[in-house]
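In: Prediction below, plus the sequence it came from.
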Amino acid sequence: MNTRILVLPTLCLGGAALLLAPARPAPAFSKIGGSLNDTQRDVRVFDNFLDLNANNNVTPTAQMPGYLGVELAVWKGIVEWGSQLHGDGTGDPLNSNLLGNGTANFDAFWAGNADGIGTTNNNIVSSLADCGGGGTLAFTETPISDGWRIRYCDEWNWDDGPGTISNRFDIQGVMCHEYGHALGLGHSNVNGATMFPSVGQGQTGIRSIAADDTNGIVCVYGTASVTKPHIVATVASGGSLTIHGSNFAALNNEVWFTSGSITASGSDPIVKVTGVSSNGSLLTVTIPGAAGPGDVMVKKPGSGGSVLSNAFPTDLVGTFGNPPTTAPDISNVSPSVIDALIPGSGQSITITGSNFLQMTDLLIDGTPIDPLAYGVLDDNTIALDMPQVASLGSHSLGATDGVDTDEFFVTVVAPSSPKLQWGTGDALNVVDRDNGLTIRLSGTVGTVHHVYVSFSNTPSVNGFVNFGIGANFSDLTNIGHFAIPASGVFTLNVPTGNILDPGPGGLTLYSQSFQFTGPAPFPVSNVQSIFLTQ
Amino acid sequence: MRMLLSLGLSALLLGAVLPAQIKSFTLEEMVQTADQAVYGQIVGSRVIRVDHPSDGPDLFYTVLTIEGRTLADSQPITVDVTFRGGFLDATTGVFNSEAPAADDVQIGKRVVAFYRWTDNMGGGVAANALVAAHGGLYRAVEGPRGPAVLGRGEGYAVQANVRLSSLETAVTNLYRVKRVR
């Protein structure tokens, strides 16, 4: 024997030296010494209960798929100690009790059924046909450093709930108490605490841990770490399970599943998928064939309660919890003041935000933009070749996943200097004469722009103009002058018949415009070149 | 007399409560359940292990030998009282969540124990089982006016500290009633 044997009710005897004196120690939880490490979190049931009322609950609990009877009652009993609500916390129809949220660095894992009673280290709950002592309802065998075993004394009348239990004893509440021992707590002398040593027939209040119990588990395991993985939703589809949450590791996570079949009492019952990567908040695994409905947990590399997530339900086919929104979200557009015409197909507008990989369309004023005009660089960045809009002023850029759309408003302005675009606007972009030619001009609204074309990109310079084309005015042809409309962009669609036939070899053409406003020299546009083909 | 009155009142108030883990007991319920109550000194302690095909392996029981007298009729008695849990050596055995505190069952300690014969405590062990595990055993200490029994609080058969003589009187009366029934 060693000093750890200082067992449970010693607190009650704290005043022994003060014989017959009324003073008592302050009521509080007690500890038995030790704690469950992260390899001892599994809980199983060997269902050898003989009492019919122990296995007659046929009311399923949405957040606890796949189990009824004793198993369901035990599952509810253990998740009450979890660090977070189990799923949405529902499952106990009595006492307004939400299951979970013990707030400690501790979570238990429901591992299904075992094929036997097991040893005192196999973490299995079972019944003992007759404890014979006339007063023990159930007990937990420890020490817990290498596991535990819980036995219910089957000479009592047990009830698996889920509601009121008449004059029988409550499997769920007693499980909550006994698992308190398994995780390291002794008895408490706080009346109303789950760890109070005794309970009566028909009583269900100990299903819900009290503040004293919470203080106890926090004392043993500490407050839940801020780095502890936290599952908020599970989404199963097509044989895969996606787990949403936070604090997952980038590499080498383990995902734990409840076994789909009865497991050998001496075996590790947890179905594990190892080496799972995540982005920190999302991970997806193929559901193993051995898995069944139950709970999942995520364990990131390391040891201790802070590397194990809360337990979260899954039926392996549907959704549990509320997956965080995956809708695209635009947080910024740069620049947010955009010229009405930016010649060329360069994607010079940078859109930043989140969930862009979920985007189905990028919208301008609600209308999808040609996908060729933008690129989704990553989940957070889009590069855009700004399309022309019908007017100057405020316009909406929207990112949508087909369900939700997030908008960001930009301002379209007339450019401060003349702009000219032929075809795509890129240098030497190829224009097929057969398809016609689109020319766009932009500048201050109401100003008149003169457009010239040349076969030469040798400059022409005098006191009025400073062109980069025209071979010193020896090769310049004026193709017209045009006023900039209120939209800030004038568009000229030149039909094939009005375009010079370039011959079979094609022709390179250069173009530039100037804005006919004083004083000289007049503002000129960019030089635009195209390669014209037949 | 005042103490006897107090115990009787407690029994009345808590009549509906049972022991979880252990069922809660009043003194009257304890006497109804137990074959006998003994006051004496623990003079021996041993642990047995049973591996049973249906009740499971690794069933450990502690057997206390208590030498003293019966509370009901003050007859000398030496009796073995058994509860679940115990260690054969430093590493072989189990703690049991509902067992008495180790400090309470050391050899040499004086105790009041309530027990009843059972043909099977589990694993086929037939023994005088401590009723309600830790709820059936109470430490006794010497006081200035004779031995006193240490109460354990609400839900226990002996809730408050009480002189042994008072407890003895109460138990004697309750056993007398039990025999009449």
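Out: Thanks, I have it.
In: got any ranges where chain A has weak pLDDT?
Out: Chain A contains residues with pLDDT under 70 at A:1-26, A:133.
In: what's the spacing between stretch A:474-492 and its chain's center?
Out: Stretch A:474-492 has its C-alpha centroid displaced from the chain centroid by 52 Å (Cα atoms, centre = their mean, to the nearest Å).
In: and it, how far apart are its ends?
Out: Here the two ends of stretch A:474-492 are set 26 Å apart, with distance taken as Cα to Cα, to the nearest Å.
In: Where does chain B get nearest to chain A, residue-wise?
Out: B:Ala132 (2.6 Å; Cβ to the nearest Cβ). For glycine as for every other residue, the C-beta is placed from the backbone atoms N, C-alpha and C.
In: Kindly state the pLDDT recorded for that residue?
Out: With respect to pLDDT, B:Ala132 has a value of 90.
In: tell me the contacts of it?
Out: Counting by Cβ atoms under 8 Å, 6 or more residues apart in numbering or on different chains, B:Ala132 makes contact with A:Gly133, A:Gly134, A:Gly135, A:Thr136, B:Pro19, B:Ile22, B:Lys23, B:Phe25, B:Met30, B:Thr33, B:Phe114, B:Ala157.
In: Please report phi then psi for it.
Out: Main-chain dihedrals, B:Ala132, degrees, to the nearest 10: phi 60, psi 30.
In: now it: how far from B:Arg116?
Out: From B:Ala132 across to B:Arg116, the span is 10 Å (Cβ to Cβ, to the nearest Å).
In: just to revisit the earlier point, looking at the contacts of B:Ala132, spot the one nearest A:His449.
Out: B:Ile22 (96.8 Å; Cβ to Cβ).
In: Is it correct that the closest one is in contact with A:Cys153?
Out: No: contact criterion Cβ atoms under 8 Å: B:Ile22 and A:Cys153 do not qualify, at 9.8 Å.
In: and for the two, which residues touch both?
Out: In contact with both B:Ile22 and A:Cys153: A:Thr136, A:Leu137, using Cβ under 8 Å, 6+ apart.
In: Return the distance of the strand or helix carrying A:Leu377 from the chain's centre.
Out: Per DSSP states H and E, A:Leu377 falls inside strand A:374-378. Here the centre of strand A:374-378 is set off from its chain's centre by 22 Å, with Cα atoms, centre = their mean.
In: Flag every buried residue along that strand.
Out: Neighbour counts over strand A:374-378 (16 or more other Cβ atoms under 10 Å in any protein chain shown) mark A:Tyr374, A:Val376 as buried.
In: Kindly report the same for stretch A:43-60.
Out: By 16+ other Cβ under 10 Å, the buried positions in stretch A:43-60 come out as A:Val43, A:Arg44, A:Val45, A:Phe46, A:Asp47, A:Asn48, A:Phe49, A:Asp51, A:Asn53, A:Ala54, A:Asn55, A:Asn57.
In: now swap in stretch A:447-467 and tell me
Out: Applying 16+ other Cβ under 10 Å to stretch A:447-467 flags A:447, A:449-454, A:456-457, A:460, A:465-467 as buried.
In: could I have it exported to CSV, CA atoms only?
Out: Below are the C-alpha coordinates for stretch A:447-467, written out as CSV (Å, rounded to 0.1, in the frame of the first residue of the first chain):
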residue,chain,number,x,y,z
THR,A,447,-13.4,65.9,-74.4
VAL,A,448,-12.8,65.1,-78.1
HIS,A,449,-10.1,62.6,-79.0
HIS,A,450,-8.4,62.3,-82.4
VAL,A,451,-7.2,58.8,-83.3
TYR,A,452,-4.4,58.1,-85.7
VAL,A,453,-3.0,54.9,-87.1
SER,A,454,0.4,54.2,-88.7
PHE,A,455,2.6,51.3,-89.9
SER,A,456,5.5,52.8,-88.0
ASN,A,457,6.3,53.1,-84.3
THR,A,458,8.9,55.8,-85.0
PRO,A,459,7.9,58.9,-83.1
SER,A,460,6.4,62.1,-84.5
VAL,A,461,6.9,65.1,-82.4
ASN,A,462,6.1,68.8,-82.9
GLY,A,463,4.8,71.7,-80.8
PHE,A,464,1.3,70.3,-80.7
VAL,A,465,1.7,66.6,-80.3
ASN,A,466,4.2,64.1,-78.9
PHE,A,467,3.4,60.8,-80.7
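In: and the gap between the closest residue to the residue of chain B closest to chain A other than its chain neighbours and B:Gln36?
Out: In space, and not counting its chain neighbours, B:Ala132 is closest to A:Gly135: 2.6 Å by Cβ to Cβ, 6 or more residues apart in numbering or on different chains. A:Gly135 is 15 Å from B:Gln36, where distance means Cβ to Cβ.
In: Looking at the buried residues of stretch A:447-467, spot the one nearest A:Leu428.
Out: Nearest to A:Leu428 among these is A:Asn457, at 10.5 Å by Cβ to Cβ.
In: re earlier: more crowded one of A:Gly135 and B:Gln36?
Out: Set A:Gly135 next to B:Gln36 and count neighbours by other Cβ atoms under 10 Å in any protein chain shown: A:Gly135 wins out with 30 against 22.
In: ok, that one touching B:Val131?
Out: Yes: counting by Cβ under 8 Å, A:Gly135 does reach B:Val131; the two are 5.0 Å apart.
In: any shared contact partners between the two?
Out: By Cβ under 8 Å, 6+ apart, A:Gly135 and B:Val131 have these common neighbours: B:Phe25, B:Thr33.
In: about what we covered before: state the next helix or strand along the chain beyond the strand holding A:Leu377.
Out: That would be, after strand A:374-378 and using DSSP H and E, strand A:381-384.
In: Report the buried residues of stretch A:162-170.
Out: Residues of stretch A:162-170 classed as buried under the neighbour-count rule (16+ other Cβ under 10 Å) are A:Pro162, A:Ile165, A:Arg168, A:Phe169, A:Asp170.
In: So the fourth one is in contact with A:Gln201, correct?
Out: Right, the one you point to is A:Phe169. Yes: using Cβ under 8 Å, A:Phe169 is in contact with A:Gln201, at 5.9 Å.
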